[in-house]
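> any chance you can model this:
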Amino acid sequence: MEISSFYTSSRRCWLPSSGTNMVLLKKVSVSQCYQGSVFMFSNKSRSQNSLNRSVFLRHKKYPVQVVSCSQNKEILIVEARSMDEIYDTLAGRLVPTAASGTNTSLTHIVGLAGPPGAGKTTIASEVAKRVNKLWPQKASSFYSQTEPPEIAIVLPMDGFHLYRHQLDSMENPKEAHKRRRAPWTFDPDLFLKCLKTLREQGSVYAPSFDHGVGDPIEDDIFVNVQHKVVIVEGNYLLLDEGSWKEISSILDEKWFVDVDIDIAMERVLKRHISTGNTPEIAKQRIEYNDRPNAELVFKSKKNADLIIKSVAL
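Numbers count the residues shown, from 1 in each chain. I've put the predicted structure just below:
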């Protein structure tokens, strides 16, 4: 994003109304924020209990809060009045990244993690849709004779569920089926292999998940060389153990959807009921499986470099 000028007051920086919709997410020192300048902020000189410093970069149409966190790691927090504003901002962040690539097979892989009920699938879909809508404006000079291709695609982790017959072969099949969607009911090694192939070759066939059947569908998603942005979404992308840690290391960006756990579980409850479960059974499933999974996922939030504050619908 190019900023011709902006001004600051107290702890806020305001982009001019004539500015671009794209929001540049940078760590900024409030005490060093002057007109027309953006400074990188480091906490190295502060104590272990140093306070987080924050600055707000806002546009009249797309207000987004950007917060720099303590210690040496930078975590950006995106917060706005509506999810639509967040979708637009995240898409605006990705389009210049795609446009800057000179190698047509270069793929930018974004990992979108969060607990069950966080809205990951919707966020990934909406951001990808907006990237594809914005892309022709950036790519007009490259595709003057043809229609620009869609460059963003979503790759869900759901396709890497273990098959039901694999759960049946476990030591406690009944427990395995009850705990489905826990980390050990996925195949992270296959997921890792898929992402490595995508990284090395620029294209890959990946499985989707048939919720009606309850099993993956092999080779149902084709990520090809035209896809410059791949949004991988799933609960456990930022876990720091085993193959999950290797998966996380492949990601170019690590996003986490931050939502109140009770709100997330309310959404999951409605989802369970909508598929035919009674409210009592739905609540049991949440307490036995969904909430423990969510609590585990929240522990991985520290590994994100961008946190999306979910807005209640």
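
> helices along this structure, start to end?
For the chain, the helices defined by DSSP state H cover 83-99, 120-139, 164-168, 173-178, 188-201, 242-250, 261-274, 279-285, 291-299.

> closest one to residue 231 among those?
Residue 231 lies closest, by CB to CB, to one member of these: helix 120-139, at 4.5 Å. All C-beta atoms are positioned from the backbone trio N, CA, C, and that covers glycine.

> in a markdown table: the helices of the chain, plus distance to residue 77 and mean pLDDT.
Formatted as a markdown table, the helices of the chain follow (distance: least, CB to CB, whole Å; pLDDT from 0 to 100):
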| stretch | distance to residue 77 | mean pLDDT |
| --- | --- | --- |
| helix 83-99 | 11 | 92 |
| helix 120-139 | 15 | 92 |
| helix 164-168 | 38 | 97 |
| helix 173-178 | 35 | 96 |
| helix 188-201 | 26 | 97 |
| helix 242-250 | 19 | 96 |
| helix 261-274 | 18 | 96 |
| helix 279-285 | 31 | 96 |
| helix 291-299 | 15 | 98 |
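
> residue 232 is nearest to which of those helices?
When those are ranked by proximity to residue 232 (CB to CB), helix 188-201 comes first, at 7.2 Å.

> quick one, the closest one and helix 242-250 angle?
Between the axes of helix 188-201 and helix 242-250, defined by axes from the mean of the first three to the mean of the last three CA atoms, to 10 degrees, the angle is 20 degrees.

> what's in contact with helix 188-201?
Contacts of helix 188-201 from elsewhere in the structure, counted by CB atoms under 8 Å, 6 or more residues apart in numbering, are 107, 109, 157, 160, 204, 206, 223, 230, 232, 236, 242-244, 246-247, 250.

> any of the residues you listed buried? List them.
Using 16 or more other CB atoms under 10 Å as the burial test, the contacts of helix 188-201 include 107, 109, 157, 160, 204, 206, 223, 230, 232, 236, 243-244, 247, 250 as buried.

> which residue is nearest the middle of the protein?
By CA atoms, centre = their mean, the mean C-alpha position of the chain lies nearest to residue 112, the distance being 2.2 Å.

> isn't that residue up against residue 235?
No. Using CB atoms under 8 Å, residue 112 makes no contact with residue 235, being 10.2 Å away.

> how far away is the residue nearest to the centre of the chain from residue 176?
For residue 112, the distance to residue 176 (CB to CB, to the nearest Å) stands at 27 Å.

> so what's the residue count around the closest residue to residue 156 other than its chain neighbours?
Spatial nearest neighbour of residue 156, chain neighbours left out: residue 233 (5.6 Å); criterion: CB to CB, 6 or more residues apart in numbering. Number of residues near residue 233 (other CB atoms under 10 Å) recorded here: 26.

> joint contacts of residue 112 and residue 235?
The contact sets of residue 112 and residue 235 overlap at residue 120 (CB under 8 Å, 6+ apart).

> just the buried ones among the contacts of helix 188-201: which are in strands?
Among these, the subset assigned to strands under DSSP state E consists of 109, 204, 206, 223, 230, 232.

> between the residues you listed, which is nearest residue 282?
Closest approach to residue 282 among those (CB to CB): residue 232, at 28.1 Å.

> so what's the closest one bridging to?
Beta-bridge pairing for residue 232 (DSSP bridges): residue 111, residue 155.

> roughly how far does residue 306 sit from residue 76?
Using CB to CB, residue 306 is found at 5 Å from residue 76.
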